[in-house]
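any chance you can model this:
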Amino acid sequence: MKITRMEIITYKLNPNRGIPWNLLKVYTDEGIVGYGEPVLEGRAKTVKAAVEELGDYIIGKDPRQIERLWQDMYKGSFYSGGCILASAVSGVEQALWDITGKWYGVPVWKLMGGKVRDRIRMYAHTPALKADGTPAENPAIEDWARGALARKKEGFNAIKTGGTDGPLRIIDTPKVLLRLADKIGAMREAVGNDFDIGIDLHGRFSPAMAKLYIKEVEQYKPMFFEEPVLPGNHDSMAQIARMTHIPIATGERLYTRWDFKDIIQKRAAALLQPDVCHAGGILELRKIAAYGEVNHCGLAPHNPMGAIALAASFAVDATTQNFVIQEHTTMGKGILKEPFELDKDGYVPIPQKPGLGIEIDEEAIAELAKNTDGPHLPMYSDRDDGSFAHW
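Predicted structure coming up:
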């Protein structure tokens with residue numbers, strides 16, 4: 001079997017808002033088509049160009065030689081690494097696994113050693129809702145509490161929310177700090193103690209502010225603090241990890257096992273969050289998870305992208321002993337002919353069909369691809385002097 005060509009379709013799940021995503025189709029001379037999701041948030045066009053260049057390395061090759069093709073794509077141009085190349089390789093690698101599973105007639109997770117669990121625990125992002133149930137544009141604390149409770153009523157037993165909705169000063173005021181903490185307190189009171197709340201600090205906090213915030217919020221027993229400081233600041237993250245009993249999580253802006261090495265060795269995080277669309281693909285996530293397992297780290301894959309990325313993440317979740325929980329923003333409605341469904345306990349059954357276990361609604365994708373105009377990720381400025389502020 002040989003790869004004959006690749007096709008990339010850029011689309012928006014909601015034409016009226018959000019950023020574009022990419023859907024990759026890898027074709028073979030045996031008629032099997034594999035799907036992948038090569039995208040970096042806000043840089044879909046850039047990653048699309050990188051994927052097209054990767055065709056030079058894999059067209060005419062056997063798609064079942066996944067590890068060899070990964071090495072060629074990632075290292076073959078002398079320059080390796082970085083968010084663009086890693087995201088492009090990730091999407092292609094997903095499609096290769098999809099083809100291979102379909103060729104053998106089994107789910108990808110069976111090719112990876114078989115499942116170690118029967119279903120996959122999920123968490124959702126938290127909306128801020130007004131009393132009438134509509135989204136709150138300038139949320140008050142009670143709006144966040146309503147949003148958390150709404151997710152619980154939908155069947156989830158875990159959510160993630162932002163530590164702050166915008167930039168912070170390097171050292172901010174007690175008023176700001178206490179308001180951010182009160183938000184978490186209100187959410188905890190709304191959902192009770194049989195429910196997990198993860199908090200994403202998004203690297204917006206300085207090390208000093210992160211320590212102050214964590215100390216103030218620990219009382220509400222969050223599930224984890226994500227990215228308390230910017231990626232790459234491993235020593236500061238390790239210091240923060242040692243001053244709190246709450247697990248530290250990170251990984252969405254780290255690429256391949258090499259980027260995770262210091263985080264794991266320095267004991268800077270208890271929960272690893274590699275993204276199947278950025279970190280190198282399905283097998284690379286499995287390698288990162290294995291390295292984490294021997295160092296007592298859990299796995300909670302990052303995924304704010306689409307249904308293909310979710311299906312690819314499931315292949316890792318199903319086969320990884322130290323898996324904890326899976327992030328998602330969509331279950332595939334409007335993209336998949338059979339979207340994933342949450343059970344009454346907040347879990348999703350493991351896909352049973354060959355490959356990634358999904359069937360794309362091609363007509364729906366074609367319609368969503370008609371309007372891909374949209375913004376990059378939002379830009380932020382310091383509220384006092386207008387200087388650049390981290391996203």
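
assign Ile8 to helix, strand or coil.
Using DSSP: H, G, I helix; E, B strand; the rest coil, the secondary structure recorded for Ile8 is strand.

what is the neighbour count of it?
The number of residues packed near Ile8 is 21, by other C-beta atoms under 10 Å. Yep, even glycine has a C-beta here, placed from its N, CA and C like the rest.

next one: Met237
26.

and Leu23, what element?
Assessed by DSSP states H and E, Leu23 sits inside strand 21-28.

now for that strand, which elements pack on it?
With contacts taken as 3 or more C-beta pairs under 8 Å, 6 or more residues apart in numbering; DSSP states H and E, strand 21-28 sits against strand 3-11, strand 33-36, helix 44-58, helix 83-104.

how far off centre is the shortest one?
Centroid separation for strand 33-36 versus its chain: 19 Å, with C-alpha atoms, centre = their mean, to the nearest Å.

buried sites along that strand?
Buried residues in strand 33-36, counting neighbours by 16 or more other C-beta atoms under 10 Å, are found at Gly34, Tyr35, Gly36.

and Leu24, what does it touch?
6-9, 35-38, 51, 91-92, 94-95 (C-beta atoms under 8 Å, 6 or more residues apart in numbering).

and those, which are buried?
Among the contacts of Leu24, those scoring as buried are Met6, Ile8, Ile9, Tyr35, Gly36, Glu37, Pro38, Val51, Gly91, Val92, Gln94, Ala95 (criterion: 16+ other C-beta under 10 Å).

among the residues you listed, which one sits closest to Cys277?
Comparing these against Cys277 with C-beta to C-beta places Glu37 closest, at 5.5 Å.

correct me, but the closest one touches Pro20?
No. In this structure, Glu37 is not within contact of Pro20 by C-beta atoms under 8 Å, at 11.9 Å.

so how far is Ala312 from Asn322?
Plainly put, Asn322 is 18 Å away from Ala312 if you go by C-beta to C-beta, to the nearest Å.

what about Asp275, neighbour count?
Using other C-beta under 10 Å, the number of residues around Asp275 comes to 26.

meant to ask about Lys221, not that
By other C-beta under 10 Å, the residues close to Lys221 number 13.

for the one 10 residues further on, same thing?
When neighbours are counted by other C-beta under 10 Å, Pro231 registers 16.

give me the low-pLDDT residue ranges for this protein?
For the chain, residues meeting the criterion pLDDT under 70 lie at 16, 374-375.

can you give me the strands for it?
Using DSSP state E, the strands of the chain run over residues 3-11, 21-28, 33-36, 119-125, 158-162, 196-200, 224-226, 248-250, 271-272, 298-299, 326-327, 347-349, 380-381, 388-389.

can you lay out those as TSV showing distance to Ile141?
Converted to TSV, those look like this (distance: least, C-beta to C-beta, whole Å):
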stretch	distance to Ile141
strand 3-11	36
strand 21-28	32
strand 33-36	41
strand 119-125	17
strand 158-162	12
strand 196-200	14
strand 224-226	19
strand 248-250	24
strand 271-272	26
strand 298-299	30
strand 326-327	24
strand 347-349	30
strand 380-381	21
strand 388-389	23
